[in-house]
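Trainee: sequence? don't have it. structure:
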């Protein structure tokens, strides 16, 4: 892709998200989301592969539907209140439409079907943008509306997403689809606590962005898109094996890694809200996600890759160059748990 065109697309992506962050008028918020969507579609389709074309078409149709629902909700609110301001969104019907529209944009279950298919058809770099940056704008709107949202609807969406994110990833062999279901499960934890303590949602989002970015960069580092392709990576770069292992366990939320921090605080807050049944179901459903993380750990650490005669030996392929961004993100995804009090204070 032409570097000038790529620069325009990336700046448009950033501008659309920042526009959604800063505006309080529903029309301008909708406009920022549309700029954001239009900027990422060329990044998805630039390889001109049939799967990329299919993924970008599915993404466009899904986002257009969600944007239409969001604009419809804003129009209903303007009709009832006479204002387009986000802070004046008080009608329950309006908030329900807006919540469902943003859930569709995020890929929350049961409106998640587009996310794994789209992730599978695009490159790892574009998939990292879709799984991280594209979540910021819809979640920013939900964070501003958290007091007006229906807590029961958010809890249902959260529980369903955690179940679907764990159950859907069990039988996958494509790493991009596994990370898509991982994203769905993490988003379920975020929206479950959104109404009661939005600061924890923001903290969970920060940790999720760090862990997911480091995982995608590691997959780009070893150039792997399937489970069987990560097995010989340890033979070529021995240091990547323990880093990949611990990053997967951090995604699963095991102590003493960074991924345990948001789950620990969310469980503590939901216990204070006397939601014992909800938190029990969420914790048990997370074991499903942990299972396929452990399966990946098994594949990269305890499995010896079969080396066929016709296959390229690991020493014949070029060795990746060191990446400071990868080093920083993986370090943060593993060692932030001791900083829990400070990070929690910063989100207040």
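Mentor: Nice, I can see it. None of these values were measured; they are calculated from a predicted model.
Trainee: report the buried residues of the helix or strand where residue 66 lies.
Mentor: Following DSSP states H and E, one finds residue 66 within helix 50-81. For helix 50-81, the neighbour count (16 or more other CB atoms under 10 Å) marks 52, 55-56, 58-60, 62-63, 66-67, 69-71, 73-74, 76-78 as buried. No exception for glycine: its C-beta is placed from N, CA and C like everyone else's.
Trainee: which neighbouring elements make contact with the helix or strand following it?
Mentor: Under the assignment DSSP H and E, the closest C-terminal helix or strand after helix 50-81 is helix 92-106. Using 3 or more CB pairs under 8 Å, 6 or more residues apart in numbering; DSSP states H and E, the elements in contact with helix 92-106 are helix 50-81, helix 136-144, helix 151-168.
Trainee: now the second one and helix 50-81, what's the angle there?
Mentor: Taking axes from the mean of the first three to the mean of the last three CA atoms, to 10 degrees, helix 136-144 and helix 50-81 form an angle of 30 degrees between their directions.
Trainee: chain center to helix 136-144, what's the gap?
Mentor: Computed by CA atoms, centre = their mean, to the nearest Å, the chain-centroid distance of helix 136-144 equals 13 Å.
Trainee: check contacts around residue 65.
Mentor: Contact analysis of residue 65 by CB atoms under 8 Å, 6 or more residues apart in numbering lists residue 104.
Trainee: for it, give its distance to residue 167.
Mentor: Relative to residue 167, residue 65 is positioned 25 Å away (CB to CB, to the nearest Å).
Trainee: for residue 82, phi and psi?
Mentor: When read as degrees, to the nearest 10, the backbone of residue 82 gives phi 80, psi 10.
Trainee: scratch that, residue 108 is what I was asking about
Mentor: Torsion angles, degrees, to the nearest 10, at residue 108: phi -70, psi 140.
Trainee: per-residue confidence at it?
Mentor: pLDDT, residue 108: 93.
Trainee: pretty sure it contacts residue 159?
Mentor: No - using CB atoms under 8 Å, residue 108 is not in contact with residue 159, being 10.7 Å away.
Trainee: residues touching residue 17, list them.
Mentor: Residue 17 makes contacts with 32, 36, 133, 136-137, as judged by CB under 8 Å, 6+ apart.
Trainee: what's around the closest residue to residue 148 other than its chain neighbours, how many residues?
Mentor: Of all residues not flanking residue 148 in the chain, residue 95 sits nearest, at 5.2 Å (CB to CB, 6 or more residues apart in numbering). When neighbours are counted by other CB atoms under 10 Å, residue 95 registers 18.
Trainee: with residue 331 instead?
Mentor: 14.
Trainee: so which strand or helix has it?
Mentor: Assigned by DSSP H and E, residue 331 belongs to helix 324-335.
Trainee: so which other helices or strands are in contact with that helix?
Mentor: Against helix 324-335 (3+ CB pairs under 8 Å, 6+ apart) you get helix 198-222, helix 240-252.
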